[in-house]
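Trainee: fold the following, please.
(chains A and B, ligands or ions: 1)
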Amino acid sequence: MHTKVIKSIDVESVRKQFPILDIMVHKKPLVYLDNAATTQKPLAVIDSMDKFYREYNSNIHRGVHKLSHLSTSQYEKSRQTIQGFIKAAEPEEIIFTKGATEAINLVAYSYGLMNLGKDDEILISHMEHHANIVPWQILCQKTGAVLKVIPINDDGELIMDEFYKLLSPKTKIVSIVHISNTLGTINPVKEIIDAAHSVDAVVLIDAAQSVHHASINVQALNPDFLVFSGHKVYGPTGIGVLYGKRAILESMPPYQTGGDMIKSVSFEKTIFNDLPNKFEAGTTNIAGAIGLAAAIEFIDSHGIENIAIHEANLLNYATEKLSQIEQLKIIGTATKKSAVISFVLDCAHPHDIGTLLDLEGVAVRTGQHCTEPLMKRFGIPATTRASFAVYNTYEEIDVLYNSILKVIKLFS
Amino acid sequence: MSEINELYQQVILDHNKNPRNFGIIDDATNTAEGHNPLCGDQIDVYAKVESGKILEIKFKGAGCAISKASASIMTTLIVGKTVAEAKGLFDDFINIVTADLSDKCDTLELGKLAVFCGVREYPARVKCASLAWHTMMKAIQKSELDDAPVSTEDMEITI
Ligand SMILES: Cc1ncc(COP(=O)(O)O)c(C=O)c1O
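Mentor: Next up, the predicted model:
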């Protein structure tokens, strides 16, 4: 067995790789704590896309010229990088989409419409992002299937007893977020996947908040589908990934149709292409795929375990600091938690907090975080959320802490 | 801190903490619900309108300091006014939070409305400030036919 070398992240040198971290906001140094919404991009990502456009921009899978060959091979190499990153068995199981949202929609429409019928059940949880609620709702409307929701406790953890009660032979799809974007809760996805498989349900894991915080091996974890977005993992916007098991992907009809996803077209009949092209109709986001692969190489160069340790340290420090503030309540106190802290203050609404923190240079997210049912569950209109990434520092958490104290002073 | 004070002026902080005309009018003649789905702010307006005059106006709801203070100040300005006068104040207000009226803001020609001069620097907060005003307009112009709540998503605010 090979042992992993744990080495602590040299944050200063990491920060140098992110040009945007040097900017000033309202004459204050930027403290970027909105990483769960989107992460900043390292030079390696920016440069890889710049290089594509400057040196070998051309369409892929079509044309015999030199540049087309170069872009095709980089695009396919990017697929392999992602395959390696999540340890998929084959590169054909990696489908490029425009993001996690499109990947979930692809499964809902393609797999869902083909396989679901009246009174079948789809199981999600109370902490899902709207992207993992609405496509299933629409699928239910179209098929007569029923959406069931696993409840959560006051700490923001799934109530697993209820999950087992809801799970039945009627359950056809279980679609669960790995790490909650609002609460930071890390869900026991392995247990959920195994249980769902015991009733022959397929499982989709929404890994939008997890692939860059925790090492994922899809062959060991064994989900049928797993989705994530490039822009949350230090990569560009407009690119994301659907992982699916080959046998299931092969059984599914195309989601969109057009060029590149066909083998032959006549006006009478079209023969669809093989995986993965079957699901990549039209010209895809080539630069995005190349940028995403560069982002993954960036993560690998630091080691995802090392990044996870750094983020856990930041989370612990921030939790300890913010807990000292009497008027502050942390929303989401799961035992297993990722680098996200949502909170509310007695005296100030999240939007006021967000504006005031912004004036201190601190970028946080305020609102419902695309999890409106979750806000209702906690009986709050919105939260302020700080979320951490590899480049964040303890000093930045101090700035956050001091800025919150200023808000409280203003409002009391 | 000076930037903060532009938006969170003492008047706004005070109205947020001690909102005026907060509550429900049981025998209101005109009511409307206002909702900002993006942040969950909810401001409902109740008014008693007789012969084109707003005799009483109250609001209820929850939201950020800007939306609450704006609602509170709105009620103090609107009460006793005619529907036409209220419409005029509404137009002034929308101008202040969306257009550049720095001259007017400096000379304080705007009276109480001047506290909202800082809002237009914060495009994300324009909807917070204007929710109560849109809801008020909806309430006083209401005919029995339209009962749909005001949503900031239907508003055409040019920022
Ligand atoms: C948990 C989760 N799922 C899905 C999404 C949707 O990702 P995207 O908007 O990139 O498609 C997000 C993004 O906020 C998320 O946090």
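
Trainee: helix or strand: which one has residue A:347?
Mentor: Using DSSP states H and E, residue A:347 sits within no helix or strand.

Trainee: wait, isn't it in contact with residue A:326?
Mentor: No - in this structure residue A:347 lies outside contact range of residue A:326 using CB atoms under 8 Å: 10.8 Å. For every residue, glycine as well, the C-beta is placed using N, CA and C.

Trainee: the two - which one has more neighbours?
Mentor: Ranked by neighbour count (other CB atoms under 10 Å in any protein chain shown), residue A:347 and residue A:326 place residue A:347 first, with 17 against 8.

Trainee: okay, that one: pLDDT?
Mentor: pLDDT recorded at residue A:347 is 91.

Trainee: before we move on, what SS does the residue nearest to residue A:398 when sequence neighbours are not counted have?
Mentor: Distances taken as CB to CB, 6 or more residues apart in numbering or on different chains put residue A:321 closest to residue A:398, at 7.4 Å, once the chain neighbours are dropped. Following DSSP: H, G, I helix; E, B strand; the rest coil, residue A:321 is assigned to helix.

Trainee: same check, this time on residue A:122
Mentor: Classified using three-state DSSP, residue A:122 is strand.

Trainee: where do the helices of chain B begin and end?
Mentor: With helices called from DSSP state H, chain B shows them at B:2-7, B:10-17, B:65-78, B:83-98, B:102-107, B:126-140.

Trainee: helices or strands up against the longest one?
Mentor: In this structure, helix B:83-98 packs against strand B:53-62, helix B:65-78, helix B:126-140, with contacts taken as 3 or more CB pairs under 8 Å, 6 or more residues apart in numbering or on different chains; DSSP states H and E.

Trainee: so which of those is nearest residue A:401?
Mentor: helix B:65-78 (21.2 Å; CB to CB).

Trainee: can you tell if the closest one touches chain A?
Mentor: Yes - Helix B:65-78 is in contact with chain A by CB under 8 Å from any CB of the partner chain, via B:65, B:66.

Trainee: got the buried residues for that helix?
Mentor: Within helix B:65-78, the residues scored as buried using 16 or more other CB atoms under 10 Å in any protein chain shown are B:65-75, B:77-78.

Trainee: mind putting the helices of chain B into TSV with distance to residue B:58 and mean pLDDT?
Mentor: Converted to TSV, the helices of chain B look like this (distance: least, CB to CB, whole Å; pLDDT from 0 to 100):
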stretch	distance to residue B:58	mean pLDDT
helix B:2-7	25	66
helix B:10-17	14	92
helix B:65-78	6	95
helix B:83-98	15	91
helix B:102-107	28	64
helix B:126-140	11	94
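
Trainee: using TSV, lay out those together with distance to residue A:270.
Mentor: As requested, those are exported to TSV (distance: least, CB to CB, whole Å):
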stretch	distance to residue A:270
helix B:2-7	58
helix B:10-17	62
helix B:65-78	54
helix B:83-98	51
helix B:102-107	62
helix B:126-140	47
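
Trainee: which one of the ones you listed lies closest to the ligand?
Mentor: helix B:126-140 (21.2 Å; CB to the nearest ligand atom).

Trainee: on that earlier part again, so which two of the buried residues of helix B:65-78 are the farthest from each other?
Mentor: Greatest spacing in the buried residues of helix B:65-78, by CB to CB: B:65 and B:78 (20.0 Å).
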